[in-house]
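Undergrad: this one's sequence-less:
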């Protein structure tokens, strides 16, 4: 569904495109006549889009005043009470539009700031929110339009090869990176035009990023070296110009399209967590002021990493505030269900039935609103086994999640965790290894290494399991329990007992009660029980 319809004359084509990019960075679906399909009558398409749009932004100019099309579109918008007006030049508006406020952006310097632009975005936000009451559920976005999710601009990659014939490959790679990033619904992605930056355009990159109205800018270059390709990339935060991520990717050039897919997936899977970490730092540094729904969601996400009762309850409180602000915030609903499930799993409330009921309701609503969002599906799959008493539904959800976004490390982590719980240790290790490869230095990477250790423990490869555990910062009580059993099995009794004391500080659930949740295979259960027995004996 279209959020914003842009009406303009050809003389303001450049401004219209910049505005469209800036609005997309804010999460809006934007339509203008550059999207007219070749096979349909254009008047019918324009009429359709005008009727469907929640807001109609008219860019007035001398040519627009003379245009019958612009005046007709503006009049329809006025009659349906969804007209927003803007002008980049001094112009006398025709009647009756001269009786309606028009944001004056004459003398525009190419950036989107100042009171005039704020008036425009506030008007569009109000109309977009009102448009939610038209009977259409927000099924395509797990984050609401005004959740202020972070925006990433992607400039065309620079071809550093001497061969201009490589431009097609570099352009295709840029498009693939944009497409791969767009699969992450927690960020807004804006393509930064068709022309690459010059090879030494650091200041120019910042100018482009600010012009796009994005919070982060991804830029880079591609160089062909014989039968190898080197891609160098950098992610910059626009506020201050800090470099928050950089990487160099070297690949062998065999199948061009396979290489483009592989590099794009690798880049996207690194960018999303880098942006999330930067956003968490930004939110944690704020003091005072009203937090938006996305800010509350980020703070809750950071708290859940602690795997402790107090932090989980605080996270749940923040998520409820986010949901109260934005009832259709699918990602927050799914994360809240996961928090409720965690409380049930670890006995952090004497009355678990209420948490089970709320988790079940929130999963159902999250899937209804964000059933095409890979992250929402993965969060729901993570929560379900702890109150659904089965992994069947979770398996179906995580399979859908991975099809939607195979570059999401969190999806592979959840898939591997579920497979560990079904006893499929070989497949579990494979999926967890993908998660660790996609995000080696994040909490997802830590979790993947710990669960890979459990998979190796299930296979009785105890030395390999210990090596994996040693490379993980372990917080999950399940992983701590298995590490205790592993130490016990290896005869390292002091370490086993110390590990079990750590487990007991997190939860009152007896450690042997975890067997039924972690291991379904009889031999695997016996190995765990024997290891715990050695530690406790």
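TA: Looks like it came in fine. Worth saying up front: this structure is predicted, and the values here are computed from it rather than measured.
Undergrad: my guess is residue 10 contacts residue 63, does it?
TA: Yes - with contacts defined as C-beta atoms under 8 Å, residue 10 counts as touching residue 63 at a distance of 6.9 Å. In short, each C-beta sits where N, CA and C put it, glycine included.
Undergrad: Those two: which is more packed in?
TA: residue 63 (15 against 11; other C-beta atoms under 10 Å).
Undergrad: Just want the most central residue of this protein.
TA: residue 186 (2.6 Å; C-alpha atoms, centre = their mean).
Undergrad: Report the helix or strand with the lowest average pLDDT across this protein.
TA: helix 202-212 (a mean of 61; mean pLDDT, DSSP states H and E).
Undergrad: next structured bit after that one?
TA: Going down the chain from helix 202-212, the next helix or strand is strand 216-225, by DSSP states H and E.
Undergrad: Give the other helices and strands that that next one contacts.
TA: With contacts taken as 3 or more C-beta pairs under 8 Å, 6 or more residues apart in numbering; DSSP states H and E, strand 216-225 sits against strand 151-154, strand 158-159, helix 167-182, helix 202-212, strand 228-237, helix 256-284.
Undergrad: looking at the ones you listed, which is closest to residue 490?
TA: Evaluated with C-beta to C-beta, the helices and strands packed on strand 216-225 place helix 256-284 nearest to residue 490, the distance being 33.3 Å.
Undergrad: Can you list the buried residues in that closest one?
TA: Neighbour-count burial for helix 256-284, counted by 16 or more other C-beta atoms under 10 Å, picks out 259-261, 263-280, 283.
Undergrad: just stretch 298-308 next, same as before
TA: Those would be 298, 299, 300, 301, 302, 303, 304, 307, 308, for stretch 298-308 by 16+ other C-beta under 10 Å.
Undergrad: Same list (those) but as TSV, adding secondary structure.
TA: Converted to TSV, the buried residues of stretch 298-308 look like this (DSSP: H, G, I helix; E, B strand; the rest coil):
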residue	secondary structure
298	helix
299	helix
300	helix
301	helix
302	helix
303	helix
304	helix
307	coil
308	coil
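Undergrad: ok, of these, which one's closest to residue 518?
TA: Using C-beta to C-beta, the buried residues of stretch 298-308 come closest to residue 518 at residue 307, 15.5 Å.
Undergrad: Local confidence estimate at that closest one?
TA: With respect to pLDDT, residue 307 scores 92.
Undergrad: what about it, distance to residue 279?
TA: When distance is defined by C-beta to C-beta, to the nearest Å, residue 307 is 21 Å away from residue 279.
Undergrad: Quick one: the helices in the stretch 1-150 of the chain, in order.
TA: Ranges of helices in the stretch 1-150 of the chain, per DSSP state H, counting those that start in this stretch, are 13-25, 42-52, 62-66, 68-79, 114-130.
Undergrad: So which of those helices is nearest residue 503?
TA: The closest of these to residue 503 is helix 13-25. By C-beta to C-beta, the value is 45.3 Å.
Undergrad: the inter-axis angle of the closest one versus helix 114-130?
TA: 60 degrees (axes from the mean of the first three to the mean of the last three C-alpha atoms, to 10 degrees).
Undergrad: Could I get the buried residue list for helix 13-25?
TA: Buried, per 16+ other C-beta under 10 Å, within helix 13-25: 15, 16, 18, 19, 20, 21, 22, 23, 24, 25.
Undergrad: Over to stretch 325-342?
TA: For stretch 325-342, by 16+ other C-beta under 10 Å, it's 325-326, 328-342.
Undergrad: tell me the average confidence for the helix or strand hosting residue 365?
TA: Per DSSP H and E, residue 365 falls inside helix 352-370. For helix 352-370, mean pLDDT is 94.
Undergrad: now swap in stretch 181-201 and tell me
TA: Stretch 181-201 carries an average pLDDT of 65.
Undergrad: same thing with stretch 480-493?
TA: 97.
Undergrad: Could you do stretch 218-234 as well?
TA: The average of the pLDDT scores along stretch 218-234 is 86.
Undergrad: Figure out the length between the terminal residues of it.
TA: Start-to-end span of stretch 218-234 (C-alpha to C-alpha, to the nearest Å) is 6 Å.
Undergrad: got the buried residues for that stretch?
TA: In stretch 218-234, counting by 16+ other C-beta under 10 Å, buried: 218, 219, 220, 221, 222, 223, 224, 229, 231, 232, 233, 234.
Undergrad: which pair in these spans the largest distance?
TA: Pairwise over the buried residues of stretch 218-234, using C-beta to C-beta, the maximum falls at 218 and 224, 20.6 Å.
Undergrad: which residues sit in contact with the closest residue to residue 160 other than its chain neighbours?
TA: Using C-beta to C-beta, 6 or more residues apart in numbering and skipping the chain neighbours, the partner closest in space to residue 160 is residue 223 (4.1 Å). Contacts for residue 223 (C-beta atoms under 8 Å, 6 or more residues apart in numbering) come out as 160, 161, 229, 230, 232.
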